[in-house]
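Asker: sequence first, then the predicted structure:
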Amino acid sequence: MTPPPEVAKTAAVYGEIKNPYTADVEIRTIVSNGYKTVDFHETSIDNQSGVARMRKLDYPILLKANQTIELVRSGKHLMLYDKLDHSGKLELKIQFSNGESKVVILEERKL
């Protein structure tokens, strides 16, 4: 995660999300203990104008068996909105369509 300035109410998350299962699953939701909303986004660059555009991707997000989604700048990434009054480690809880969930502790890094 890119650490936001203290006054910022949003943050971006980069890294990867791997399907740990041998069958296809969907990511139904992602929630955070430090932000009100977690959205999937994708940035693309228009070949004609060179302008970058970011769009929200709606849940569920399909993950094929053993697939990894790379979360990168100028590609798919997570956006965290509405920072909560929280101290301690920042966690994301990923809820899969098979009823299981995975908690990930984010590590802050400067770009």
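Answerer: Arrived safely.
Asker: tell me who's in contact with the most centrally placed residue in the chain.
Answerer: Among the residues of the chain, the one closest to the centroid is Leu78, at 2.6 Å (Cα atoms, centre = their mean). Applying Cβ atoms under 8 Å, 6 or more residues apart in numbering to Leu78 gives the contacts Ala12, Val13, Ile30, Val38, Asp39, Phe40, His41, Leu71, Leu92. C-betas here are computed from N, CA, C, even on glycine.
Asker: can I get those in a markdown table including pLDDT and neighbour count?
Answerer: Listed next are the contacts of Leu78 as a markdown table, based on pLDDT from 0 to 100; neighbours: other Cβ atoms under 10 Å:
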| residue | pLDDT | neighbour count |
| --- | --- | --- |
| Ala12 | 90 | 17 |
| Val13 | 92 | 22 |
| Ile30 | 97 | 22 |
| Val38 | 96 | 20 |
| Asp39 | 96 | 16 |
| Phe40 | 95 | 21 |
| His41 | 95 | 16 |
| Leu71 | 94 | 18 |
| Leu92 | 95 | 21 |
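Asker: in strands, which of the residues you listed fall?
Answerer: Members of the contacts of Leu78 lying in strands (criterion: DSSP state E): Ala12, Val13, Ile30, Val38, Asp39, Phe40, His41, Leu71, Leu92.
Asker: show me which of those residues is closest to Pro60.
Answerer: Phe40 (10.0 Å; Cβ to Cβ).
Asker: hang on, the earlier thing: out of the ones in strands among the contacts of Leu78, which is nearest to Leu84?
Answerer: Closest approach to Leu84 among the ones in strands among the contacts of Leu78 (Cβ to Cβ): Val38, at 11.8 Å.
Asker: just to revisit the earlier point, tell me which two of the ones in strands among the contacts of Leu78 sit farthest apart.
Answerer: Farthest pair in the ones in strands among the contacts of Leu78, by Cβ to Cβ: His41 and Leu92, 14.6 Å.
Asker: and for this structure, the residue most distant from the center?
Answerer: Distance-from-mean max, the chain, by Cα atoms, centre = their mean: Gln48 at 28.1 Å.
Asker: what pLDDT does it get?
Answerer: Looking at Gln48, its pLDDT reads 85.
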